[in-house]
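# Turn this into a model:
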Amino acid sequence: MNAASRKGLLLAALITMGWLVSLAGLLSWDLNATQLARPWVWLAIFIGVVGRTLLQTGLFIVGHDAMHGVLWPHCRNRNALLGRIALGLYAALPYQACCRNHQHHHLFTASASDPDFHGDPAAGAIAWYARFMAGYLTWGQMGRLLMGWTVLALIACRLAPFGWLNVLLFCTLPLLLSSLQLFVFGTYLPHRGQRLPQRRPHADSLELAPWLSLLACFHFGYHREHHDAPTLAWFELPAQRRRSRSRLSPRLASLLRERAQFT
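Numbering: from 1, shown residues only. Purely as a prediction, here's the structure:
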């Protein structure tokens, strides 16, 4: 196992552990009327929701790396097992169906066969988001997700009188926000240029500093680099971005010199 694989497994373990520990801690928080009357509690709730949203997105990114076979590259069965766990915790998503959809996304990018793409330029972001979600949600998956939330709510209500509120705030809301985060930074912004009249031949990468790219969506916004090198783990994309920009710089300089000759 190489250094990148060990780092990927360590980060996957930290994300999963952070998700589980934050879940246990926040579900046991007694959000009664006295608590909610204190201003600092609302700030703490906000931080909890944002933190849980980032960890929720991190779970999908772990599953995404597993779909590309890079989470545990030398052991296919363990790689798939970790992917199933990550996507199961994320939203009770079926691993094999997600693998199939994601393979189609890479093989038929920005085409009618791409389940993540909405080719109609007249359709707005909301219509695209609805199509994006429809490609992953099934009645069975929704049933498993609701059953999981119900079990968590029953447990939370034994820990605090209004435990069901904790489930809505720290489970349901972060999952919704995470799906929007993945869609906006990992699908809509990178691929929207591919449905313009002058269609771009490739996905775009977002012009974000590495620290902001990490917070935005675990570097999923470096999307062209991901499509060009899908076997790279999510934390390797910033370095790939720097390499691609350094190769592009001489070409840009040449274009700028040519343009200067005509001005």
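
# Residue 117 is in what secondary structure piece?
Using DSSP states H and E, residue 117 is not contained in any helix or strand.

# neighbours around it, how many?
Residue 117: 23 surrounding residues under other Cβ atoms under 10 Å. Every C-beta, even on glycine, is put in place using the N, C-alpha and C of the backbone.

# Skip the chain neighbours and tell me the closest residue to it.
Excluding its sequence neighbours, the residue lying closest to residue 117 (Cβ to Cβ, 6 or more residues apart in numbering) is residue 110, at 5.1 Å.

# what residues are up against the one you found?
Applying Cβ atoms under 8 Å, 6 or more residues apart in numbering to residue 110 gives the contacts 117, 119, 191, 194, 195, 199, 203.

# Now the lengthiest helix in the chain: buried residues?
When the chain is parsed with DSSP state H, its longest helix is helix 39-67. Of all the residues in helix 39-67, those buried under the rule 16 or more other Cβ atoms under 10 Å are 45, 48-49, 51-67.

# Likewise for stretch 200-210?
Residues 203, 204, 205, 206, 208 are the ones in stretch 200-210 that count as buried (16+ other Cβ under 10 Å).

# Could you find the two of those that are most distant from each other?
Using Cβ to Cβ, these span at most 14.6 Å, a distance reached by 203 and 208.

# helices or strands next to whatever helix or strand residue 4 lives in in the packing?
In the assignment (DSSP H and E), residue 4 maps to helix 3-27. Judged by 3 or more Cβ pairs under 8 Å, 6 or more residues apart in numbering; DSSP states H and E, helix 3-27 is in contact with helix 39-67, helix 76-91, helix 139-159, helix 163-167.

# Could you point out which of those helices sits nearest residue 218?
Set against residue 218 and scored by Cβ to Cβ, those come closest in helix 39-67, at 4.4 Å.

# Against which helices or strands is that closest one packed?
Where contact means 3+ Cβ pairs under 8 Å, 6+ apart, helix 39-67 is packed against helix 3-27, helix 76-91, helix 95-107, helix 173-183, helix 210-217.
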